[in-house]
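>>> Using only what follows, build the 3D model:
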Amino acid sequence: MKKLFRFLGLVVLVAALPVLSIYASSVKEIFNQKDDFFVDTDKERSFAFMLSNYSDQGVMITYHKIGETWALNDIGPYSEGGGGQCCVSIPRWHEGMTLPLTLTISTDTNEFEERNVNAKVDKFTDEDNGLLQFHILPDYSVRVLISSYGRQRPENPMHQLHETLKKDNEAYRKENPDF
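Alright, predicted model coming up:
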């Protein structure tokens, strides 16, 4: 009787091998597929991003891509935030490159104002890595750049502006201690 069960078990195993092989190859294909959301292509690059707000109002920033809208984040006045969040895909850099953004600005009366902005993107190459940084300026224009350094570091192109506006930030925080 044991021999019969061993034989039947072997038959089932041999019969199941093609099915298991197909399953294993389909699982392999699923896990080896590239997801354009996270992987660079010939036309786009993906970056983790961060936001910096140099204005005196809270702002939500939305990036509009053909067929897609990405709500990046809300950020308070004079703040830096959202660092390391993943991921935003943008076109590879080209001369005159801008990104279509909508800024939803909170006003003093708890209402919101929307502004559409075409944000100029500083030149970057395929070798440039770091965070995709969105810098919301006091006039609500936006500067977009790639840097491995936060705005507090001298290596960041926005460092000097950060230092200049630091006094406004400190004054704001004194007036708004609950911030």
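
>>> Low-confidence ranges, this protein, go.
Scanning the chain for pLDDT under 70 picks out the ranges 1-40, 81-85, 178-179.

>>> What segments of it are strands?
In the chain, the strands defined using DSSP state E lie at 44-53, 59-65, 68-75, 80-91, 98-106, 112-121, 131-136, 142-147.

>>> Parallel or antiparallel, list what pairs with the first one.
Next to strand 44-53 in the sheet, as set by DSSP bridges, lie strand 80-91 (antiparallel), strand 131-136 (parallel).

>>> got these as a markdown table, with mean neighbour count and distance to residue 153 columns?
(C-beta placed from N, C-alpha, C; glycine too.) Output for the strands paired with strand 44-53, formatted as a markdown table (neighbours: other CB atoms under 10 Å; distance: least, CB to CB, whole Å):
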| stretch | mean neighbour count | distance to residue 153 |
| --- | --- | --- |
| strand 80-91 | 16 | 12 |
| strand 131-136 | 24 | 12 |
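
>>> Is it possible to get TSV of those that adds distance to residue 144?
Shown next, in TSV, are the strands paired with strand 44-53 (distance: least, CB to CB, whole Å):
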stretch	distance to residue 144
strand 80-91	8
strand 131-136	6
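
>>> Indicate which one of the ones you listed is closest to residue 171.
strand 80-91 (17.2 Å; CB to CB).

>>> wait, doesn't residue 147 sit right on residue 132?
No: in this structure, residue 147 is not within contact of residue 132 by CB atoms under 8 Å, at 9.0 Å.

>>> Report the spatially nearest residue to residue 62, omitting neighbours in sequence.
Distance criterion CB to CB, 6 or more residues apart in numbering; nearest residue to residue 62, sequence neighbours excluded, is residue 102 at 4.4 Å.

>>> Spit out the contact partners of the one you found.
Residues counted as contacts of residue 102 (CB atoms under 8 Å, 6 or more residues apart in numbering) are 61, 62, 64, 114, 115, 116, 117.
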